[in-house]
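S.K.: Dropping a prediction and its sequence here:
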Amino acid sequence: MNYQHYHERSIADPAGFWAEQAQAVRWFRQPTEILRALADGTHQWFADGRLNSCYLALDHQIEQGRGEQTALIHDSPVTGGKARYSYRELRDEVARLAGALRELGVEKGDRVIIYMPMVPQAAMAMLACARIGAVHSVVFGGFAPHELALRIDDARPKLLLTASCGLEFDRVIEYKPLVDKALELASHQPGHVLVLQRPQASAALLPGRDLDWQARVPLAAPVEPVPLDSGDPLYIMYTSGTTGKPKGVVRDNGGNAVALSFAMRHVYAMRAGDVWWGISDVGWVVGHSLIVYGPLMNGCTSILYEGKPVRTPDAGAYWRVIEEYGVNGLFCAPTAIRAMRKEDPSGELSGRHDLGSLRHLFLAGEKLDSSTHRWLEELTGKPVHDHWWQTETGWPVTAPCAGLEGHTARHGSSNRPVPGYRVQVMDEQGHLLGANRQGSIVIALPLPPGCAQTLWNDHERYLRSYLSSYPGYYHTGDGGYLDDEGFVYIMGRTDDVINVAGHRLSTGEMEDLVARHPAVAECAVIGIPDAIKGQVPLGLIVLKDGSRIREEQLQRELTASIREQIGALACFQRIATVKRLPKTRSGKILRAVLRKIANGEEVATPMTIDDPAILGEIGAALALYTRAS
C-alpha cells in the first residue's frame, strides 16, 4: 500500500497492476484479457469482462449488508427540502424507473438525454439507464436550447428526461420551454419527453410526446440489471470543442468501475460507510464520478446538494452541511472557496460549526492559488489537497494519494502522478523536457482504465485532438512543468501562455502571485495586445468585501511583487478592478472570453456561463480601462 511501489508497478506492468485492482470489482464474468492494444494507439481494458455499473452501485452494496445504510442524501437550501435514501430504497426507485424506460422502448445501446436540476431523480435516471445498458448523456439543466439541440442531434436519444424547472437562490428557471425550443431546432426527435413536475413551476405537456413522471414511473414494473461488456459505453459527456461542435467523450463501463474503485479508496481515502460530498453538478464529469458512480460503487453515503457556496443563505452553507451530515471527505472547485472567503474573509462563519468529522478536502477544476490553499487549511485545520484531472480522464491524473502510505503533498503543485499515469513535459517539437522546464503536459500511453478512448460518432477527431500531436502520448492541452522530485505544476491551458517581447510567460504563475495580496479575493490574468511587446499582462481583480485599498496603490504593490518574483520582463503594470469574473457553472473562470473582450472581439455568450449579464459589466470595465490607458 505504498505510493512509490504502486506507481512504479503500474508503469512497469500496467496489465498486471490493473488485473489486481480489478479484483475489487464484482464482475459477472471476470476478465482474462486485461489490456488489448489497438493499431491506432488506443486500447481497451478488461475486454472480455462483463458487469453492470448500476448493480455495482446498488444491488452489490445491498448484498454486502448495506441495504439500510444511507446511500444518497439530498440537501436543497434553495427549497428547504432534505431527503435520505437507503441503498435498498434507492435500488427500488432506480429499478422502477428503469422499468419505465424500458416500457417506453429504451433498450441496451439506446441513448437517453438527461436535462435536469440537482434533484435525486437526476441520479436515479443515470443509474436507471446504466441498469438496462442505455447510454445516458447528462446535459446541465438550463443550457441554452441551441446547445441542447446540438447534443440531441449528435446523441440521437430515444428518450429525453427533464424537470419542470431548476432553482437558483433568487429565481426559478423553467426548463420545459428550453426543451421545447431545443426540439424545434433539432433534426432528431426523441420518442418521448418524460417530465418531472416540481412544486415551484408546472410544465405544460404536449399530448402524445410529453409524459408525466409522477403519473407514469410509480406504475412501472422494476427490472433487474443487464450484464454488459466492459467496453460497452456507460455515458457520453459533452465538452466544448474549438470547432463549435461539442465533443462527446465516451466512458466505458469496465474501465470506469475499476478506476473509480481505485480512486475512492487510494486517492480520496474513503471507506464503505464514510460520508462523501462531491460538490458539483451531475452535468459535469465530477457529478458522474464523485456524486453518483464512485461513492456508491464503494459503499459510501453521497451528498447531492442543490445550492451555492454563498447566498444559500450565506458563506457558511458548506460548513453547515459538513456538520449536519458528518462529512468525512469532500471535493469542490477553488472558485467556491474563493467566493466564501470574499464574503467571510476571517472565516468567522466556520467557527459556528463542528468540522471534526472532516478528514480531507480535495480541490480541482482550476488552479488552486497558494493564498486560498493556506487560508482554507488554516481555517479548517484539515489537509487541503490540490489535484488535477479532466473530463476526458474521468478521474485524477495527479493527486496526493491519501489512501496510500508514503504519499506527500506540496503547496503550489497538483502533486505527483496517480498510479497508472506517466506524466511528462514536452516542447513544441516533441522533445521531452527536463525538470523545472515549462512545456506541454502529456501522458504516456497506454492511459489507465477509465480514460476516454474515443468520441461519440467521431473517432478520427479523438485521434486528431489527443494522440496526433505527440505520438505515443496523450496531449492534455495543459501546460506546466515537473520539479526534481516529480511533482507536477499545472500553469493553465497552453493557450494561457502569453508572449511578452519574445518571453513565454505563464498567466497562471502571475495569478498565483496576485492572489496572495491580502486585498484580493480572486483574479484572472490575461494577455492583451501591445504595439511594442506583442502582448502584455492585464490583471482583472475582484477585491475582498470590505477592502478599501485604492486601485493605484494595489497596482503598485502587485507590480512590485511580480517584478520581484518573476522579473521586470513580465511587464505586469496594468490592473482593472471588477465586481466579479465570468465563470462556468462549475466555477471555472472563462479566460478565453476575457481575452476576446479585452481584444475588442465579438463574443458569443458561452453555453456554460453562470450569469450572462456579467459580460456587459466586464466589457464596460475594460472599455473604461482602455480609454484611461
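M.R.: That came through, no problem.
S.K.: Please enumerate the helices of the stretch 501-629 of the chain.
M.R.: 507-515, 551-565, 591-598, 614-628 (DSSP state H, counting those that start in this stretch).
S.K.: winner for burial among those?
M.R.: With neighbours taken as mean count of other C-beta atoms under 10 Å, these reach their highest mean count in helix 507-515, at a mean of 24. All C-beta spots, glycine's among them, are computed from the backbone N, C-alpha and C.
S.K.: quick check: angle from that one to helix 551-565?
M.R.: 120 degrees (axes from the mean of the first three to the mean of the last three C-alpha atoms, to 10 degrees).
S.K.: Touching helix 507-515 from outside, list them.
M.R.: Helix 507-515 is contacted by residues 367, 369-372, 412, 490-492, 496-498, 520, 522-527, 537, 539, 541, 558, 561-562, 565-566, 570, 572, 591 when judged by C-beta atoms under 8 Å, 6 or more residues apart in numbering.
S.K.: PyMOL command to pick out the buried ones of those residues?
M.R.: Selecting only the buried entries of those in PyMOL, with 16 or more other C-beta atoms under 10 Å as the criterion:
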select buried, resi 367+369+371+372+412+490+491+492+496+497+498+520+522+523+524+525+526+527+537+539+541+558+561+562+566+570+572+591
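S.K.: ok, now which ones touch residue 58?
M.R.: 71, 87, 90-91, 94, 127, 296 are the contacts of residue 58 under C-beta under 8 Å, 6+ apart.
S.K.: and which of these is nearest residue 112?
M.R.: Proximity of those to residue 112 (C-beta to C-beta) peaks at residue 127, which lies at 11.8 Å.
S.K.: For the host helix or strand of the closest one, name the packing helices and strands.
M.R.: Using DSSP states H and E, residue 127 maps to helix 120-132. Other helices and strands packing on helix 120-132, by 3 or more C-beta pairs under 8 Å, 6 or more residues apart in numbering; DSSP states H and E, are helix 53-54, strand 70-76, helix 87-103, strand 111-115, strand 135-138, strand 233-239, strand 301-305.
S.K.: Deepest in the core, which of those is it.
M.R.: helix 53-54 (a mean of 30).
S.K.: Check what contacts that one and list those residues.
M.R.: With contacts defined as C-beta under 8 Å, 6+ apart, helix 53-54 is touched by 94, 98, 127-128, 130-131, 225, 228, 234, 253, 256-257, 293, 297.
S.K.: what about the helices of the stretch 501-629 of the chain, which gets the closest to residue 466?
M.R.: Using C-beta to C-beta, the helices of the stretch 501-629 of the chain put helix 591-598 closest to residue 466, at 19.4 Å.
S.K.: now the angle from the strand or helix carrying residue 372 to helix 507-515?
M.R.: Per DSSP H and E, residue 372 falls inside helix 370-380. Orientation check (the same axes, to 10 degrees): helix 370-380 against helix 507-515 gives 50 degrees.
S.K.: helices or strands next to the next helix or strand after helix 370-380 in the packing?
M.R.: Downstream of helix 370-380, the first helix or strand assigned by DSSP H and E is strand 384-386. Contact here means 3+ C-beta pairs under 8 Å, 6+ apart; on that basis strand 384-386 packs against strand 360-363, helix 370-380.
S.K.: Can you tell me which of those is packed in deepest?
M.R.: The most buried one of the helices and strands packed on strand 384-386 (mean count of other C-beta under 10 Å) is strand 360-363, showing a mean of 22.
S.K.: now what about it, what contacts it?
M.R.: With contacts defined as C-beta under 8 Å, 6+ apart, strand 360-363 is touched by 268-269, 328-334, 337, 373, 376, 380, 382-387, 399, 402.
S.K.: Partner strands of that strand, with direction?
M.R.: Its sheet considered, strand 360-363 pairs with strand 329-332 (parallel), strand 384-386 (parallel) by DSSP bridges.
S.K.: Could you export those strands to CSV, including columns for mean neighbour count and distance to residue 11?
M.R.: Converted to CSV, those look like this (neighbours: other C-beta atoms under 10 Å; distance: least, C-beta to C-beta, whole Å):
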stretch, mean neighbour count, distance to residue 11
strand 329-332, 24, 26
strand 384-386, 24, 22
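S.K.: Of those, which is nearest residue 30?
M.R.: strand 329-332 (30.0 Å).
S.K.: got the angle between whatever helix or strand comes next after that closest one and helix 507-515?
M.R.: Counting by DSSP H and E, the next helix or strand C-terminal to strand 329-332 is helix 334-343. Between helix 334-343 and helix 507-515, the angle comes out at 20 degrees (the same axes, to 10 degrees).
S.K.: What average pLDDT does helix 334-343 get?
M.R.: Mean per-residue pLDDT for helix 334-343: 90.
S.K.: same for that helix, what does it pack against?
M.R.: Using 3+ C-beta pairs under 8 Å, 6+ apart: helix 334-343 touches helix 370-380, strand 520-530.
S.K.: Just name whatever secondary elements the first one is in contact with.
M.R.: Meaning helix 370-380. helix 334-343, strand 360-363, strand 384-386, helix 507-515.
S.K.: Can you check which of these gets nearest to residue 12?
M.R.: Set against residue 12 and scored by C-beta to C-beta, the helices and strands packed on helix 370-380 come closest in strand 384-386, at 26.1 Å.
S.K.: okay, how far is it across stretch 78-87, tip to tip?
M.R.: The straight-line separation of the ends of stretch 78-87 (C-alpha to C-alpha, to the nearest Å) is 25 Å.
S.K.: which residues sit against it?
M.R.: Contacts for stretch 78-87 (C-beta under 8 Å, 6+ apart): 58, 61-62, 66-76, 93, 120, 167-169, 200, 306-307, 312.
S.K.: Mind doing that once more with 6 Å?
M.R.: Contacts with stretch 78-87, where a contact means C-beta atoms under 6 Å, 6 or more residues apart in numbering, come from 61-62, 66-75, 167, 169, 306-307, 312.
S.K.: Ranking helices and strands of the protein by mean pLDDT, which lands last?
M.R.: Evaluated with mean pLDDT, DSSP states H and E, the helix-and-strand set of the chain has its lowest mean pLDDT in strand 503-506, which scores a mean of 70.
S.K.: what about residue 215, which SS state?
M.R.: For residue 215, the assignment made with DSSP: H, G, I helix; E, B strand; the rest coil gives helix.
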